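>>> Fold the following for me, if possible:
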Amino acid sequence: MPWQERYRDTAHTFDSAVALIRPGQHLFLGSGAAVPSGLVAALVARPERFASHPIGHIMTLGQAPYVAARFADHFRHNAYFIGPNTRDAVQDGRADYTPVFLSQIPELMRRRRLPVDVALIQTSPPDEHGFVNLGVSVDVVLAAVETAELVIAEINPKMPVLRGDGYLRMDDLDAWVLHESELPCLPPRVVDDTAREIGRHVASLVDDGATIQTGIGMIPDATLSALSSKRDLGVWTEMLSDGIVDLVQAGVITGKWKTTDPGRVSASFAFGSQRIYPFLHEHPGFVFHPSDVINDPALIARQHKMVAINTALEVDLTGQVCSDSLGERFYSGIGGQVDFIRGASMSSCGRPIIALRSTAKAGQISRIVAQLSAGAGVVTSRGDVHYVVTEYGIADLHGRSVRERVLALISVAHPDFRSELMQAAKGMRYVFQDQSYPSRAPSYEASHVWSDPDLGELRIRPVRETDEQKMSDFFYALSEDTVRKRWQRVVPSMPHPALQRYLHADGDKHVALVAETVPQGDRESELLGVGSYHVGDDRWAEMAIVVRDDRQGHGIGERLLDQLRELAQTSQIRGFRFETTRTNTRLARLVERLGLKVQVRDDGESLILEAPLDPAAEPH
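Model (predicted):
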């Protein structure tokens with residue numbers, strides 16, 4: 001039969017289309033912005049036709065009237081991912097929730113573990129060859145169409161045609177209704193300072209040429225905005241949003257190094273503001289695949305430098321992630337988080353990231369918790385988590401012991417909760433009983449980066465509590481002569497209690513910086529030098545700088561000193577004071593190269609170097 005005849009013979013009104021549904025059949029609704037709102041309205045317009053019909057879908061935009069209490073005898077919703085429009089119903093027990101990986105939903109439909117008898121979908125009008133298009137939601141809709149006995153389409157001329165796997169023949173449709181309407185949009189969001197800071201930290205983990213995945217919300221929006229200076233990014237993601245379109249238009253996203261679909265953005269569904277829908281229409285730079293392709297961890301792992309960026313509701317001190325419930329109250333779903341976290345972890349130089357605000361409820365509760373709330377489920381296991389990012393920094397957990405994880409996560413928790421988190425960790429014997437933590441977060445943030453022809457890219461940053469093992473390795477790499485110059489005596493060992501003194505930052509009073517190599521791909525950073533000062537009551541700073549023997553002569557000590565001088569000058573410190581061995585004349589020359597006037601005293605055992613920062617400061 002020519003498609004035009006099929007098109008004519010299967011035309012219906014909304015009322016006649018839903019009348020084709022038989023009692024007890026399992027219904028499926030199209031996803032996201034492709035929810036067939038006219039068909040939904042027709043379902044609830046005459047509820048007496050229906051009795052206990054299961055309705056399944058992943059998150060949809062707009063209203064979900066079938067979950068109202070008055071329709072409890074007619075429809076029973078099963079959420080594969082809980083959206084705002086069905087959350088109350090799930091939490092009240094009027095609707096069900098199925099925890100499931102997004103990658104597995106299509107196969108579960110085919111096996112009728114998640115049965116679909118009737119697929120209610122939205123498509124574009126047929127083209128000249130008789131093909132309609134699923135538009136902005138291919139995801140699990142394609143599998144629903146393939147397995148359903150009855151496919152009813154709401155044909156919308158406003159639905160963009162998207163390239164990829166979303167094409168259907170008119171023969172695939174058993175009934176259709178013409179209904180022109182604007183696609184639903186996400187409400188506009190104003191990105192706040194906290195989200196911007198999180199986005200900046202996440203962006204620092206994304207290399208040029210990497211392939212990215214992001215989700216929905218203010219933090220993904222802020223992250224995409226922070227990627228504007230990157231080059232040749234690729235995209236392999238479930239959800240496509242305005243931020244990705246912005247980066248495509250800016251030339252940041254090119255897909256140059258992408259493994260699958262090079263040169264194109266690969267996605268599964270899209271929603272955002274009204275402007276992105278016409279932009280995507282027949283755009284050759286975008287291709288849409290179903291969820292069992294986009295969310296396949298093996299395919300994700302193949303992507304070049306895959307970076308998966310997901311969020312969470314809680315993270316405990318060992319790195320367990322809850323992202324689908326608030327305690328026993330289900331809130332969202334598993335979605336594609338585990339698919340992408342595991343896929344990115346298997347990708348060469350891949351980076352799986354969990355990004356979240358440090359607090360909730362206007363700062364009243366911490367999202368970094370000693371233990372997950374009662375009833376909360378683990379969505380992403382502690383073994384899968386590599387990076388946890390808050391506005392306070394990046395906790396690198398992969399390959400770390402529980403003690404190291406605890407310190408890293410406390411360091412990115414809100415300062416108001418760090419003391420109680422540390423006490424809880426001590427109570428659970430996760431850390432040393434004498435473990436310290438910063439009483440006040442440093443008010444400085446050194447971010448000096450430079451390139452050395454022999455050592456590669458280097459950076460200077462504040463010392464962290466999590467640097468204990470690196471600091472220990474650094475100390476034992478020093479020669480006896482270097483140790484004498486730094487400590488004026490032989491120091492045979494540097495156990496945990498001693499190391500803590502060098503890791504403990506206290507606002508502007510005790511400042512410590514480290515120089516290290518910048519991690520490249522899977523290569524761990526290497527600590528090369530340490531510089532610190534402690535401010536006395538007289539506002540003079542006792543200064544110490546030490547550089548690993550095999551890395552001396554590369555200007556590392558000079559750069560550390562220069563960074564410390566800048567910090568000291570903003571803190572109204574009067575001057576620096578150094579104590580070193582009598583043979584260490586090199587230190588005085590180093591200080592003088594920075595333009596500081598040095599006065600040297602010999603107390604018979606060591607040299608005391610004093611360098612005023614304040615011209616009026618009088619040395620001792």
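>>> so where is this structure shaky, pLDDT-wise?
438-447, 507, 521-522, 615-620 (pLDDT under 70).
>>> In terms of residue numbering, what are the domains of it?
3-178, 193-427, 448-612 (automatic domain parsing).
>>> wait, which of those is closest to residue 186?
Between residue 186 and these, the shortest separation by CB to CB is 5.6 Å, and it involves domain 193-427. C-beta coordinates here come from the backbone N, C-alpha and C atoms, glycine included.
>>> Would you map the helices across the stretch 301-450 of the chain?
337-346, 402-412, 415-427 (DSSP state H, counting those that start in this stretch).
>>> Just say which of those helices is most tucked in.
Highest mean neighbour count of these: helix 337-346, a mean of 24 (counted as mean count of other CB atoms under 10 Å).
>>> quick one on the thing from earlier: rebuild the domains of the chain as a markdown table, extending it with distance to residue 433.
Conversion of these to a markdown table gives the following (distance: least, CB to CB, whole Å):
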| stretch | distance to residue 433 |
| --- | --- |
| domain 3-178 | 38 |
| domain 193-427 | 6 |
| domain 448-612 | 11 |
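>>> Quick check: the gap between residue 355 and residue 90.
For residue 355, the distance to residue 90 equals 25 Å [CB to CB, to the nearest Å].
>>> what about these two, which has more around it?
Neighbours per residue, other CB atoms under 10 Å: of residue 355 and residue 90, the larger number sits with residue 355, 27 against 21.
>>> List the buried residues of the longest helix along the chain.
Scanning the chain for the helix with the most residues, using DSSP state H, yields helix 556-570. Neighbour counts over helix 556-570 (16 or more other CB atoms under 10 Å) mark 556-557, 559-565, 567-568 as buried.
>>> same question, stretch 89-107
In stretch 89-107, counting by 16+ other CB under 10 Å, buried: 89-91, 94-98, 100-106.
>>> Likewise for stretch 292-310?
In stretch 292-310, counting by 16+ other CB under 10 Å, buried: 292-297, 299-310.
>>> hmm, back to that, where's the longest helix of the chain relative to the chain centroid, distance-wise?
33 Å (CA atoms, centre = their mean, to the nearest Å).
>>> Against which helices or strands is the helix or strand following it packed?
Using DSSP states H and E, the helix or strand that follows helix 556-570 in sequence is strand 575-580. For strand 575-580, the packing partners by 3 or more CB pairs under 8 Å, 6 or more residues apart in numbering; DSSP states H and E come out as strand 540-547, helix 556-570, helix 585-593, strand 607-612.
>>> again, 7 Å this time
For strand 575-580, the packing partners by 3 or more CB pairs under 7 Å, 6 or more residues apart in numbering; DSSP states H and E come out as strand 540-547, strand 607-612.
>>> could you give the angle of it to helix 585-593?
160 degrees (axes from the mean of the first three to the mean of the last three CA atoms, to 10 degrees).
>>> Mind telling me what element residue 90 is part of?
Here residue 90, judged by DSSP H and E, is contained in helix 87-92.
>>> I'd like the next helix or strand past that helix.
Per DSSP H and E, helix 87-92 leads on to strand 96-97 as the next helix or strand towards the C-terminus.
>>> what separates that following strand from the chain centre, distance-wise?
26 Å.
>>> Sheet-wise, list the partners of it with their directions.
Strand 96-97 sits in its sheet next to strand 75-79 (parallel), going by DSSP bridges.
>>> Buried residues of the partner strand, list them for me.
Neighbour counts over strand 75-79 (16+ other CB under 10 Å) mark 75-79 as buried.
>>> Quick one: the residues you listed as CSV, columns for distance to residue 268 too.
Listed next are the buried residues of strand 75-79 as CSV, based on distance: CB to CB, whole Å:
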residue, distance to residue 268
75, 26
76, 26
77, 22
78, 20
79, 18
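>>> What is the nearest of the residues you listed to residue 216?
residue 79 (15.8 Å).
>>> List the beta-bridge partners for that closest one.
Assigned bridge partners for residue 79, using DSSP bridges, are residue 57, residue 97.
>>> isn't it right up against residue 95?
Yes: between residue 79 and residue 95 there is a contact under CB atoms under 7 Å: 6.2 Å.
>>> Could you tell me which residues touch both of the two?
residue 86 (CB atoms under 7 Å, 6 or more residues apart in numbering).
>>> contacting residues around the helix holding residue 90?
Against helix 87-92 from outside (CB under 7 Å, 6+ apart): 67, 77, 79, 82, 95, 97, 329-331.
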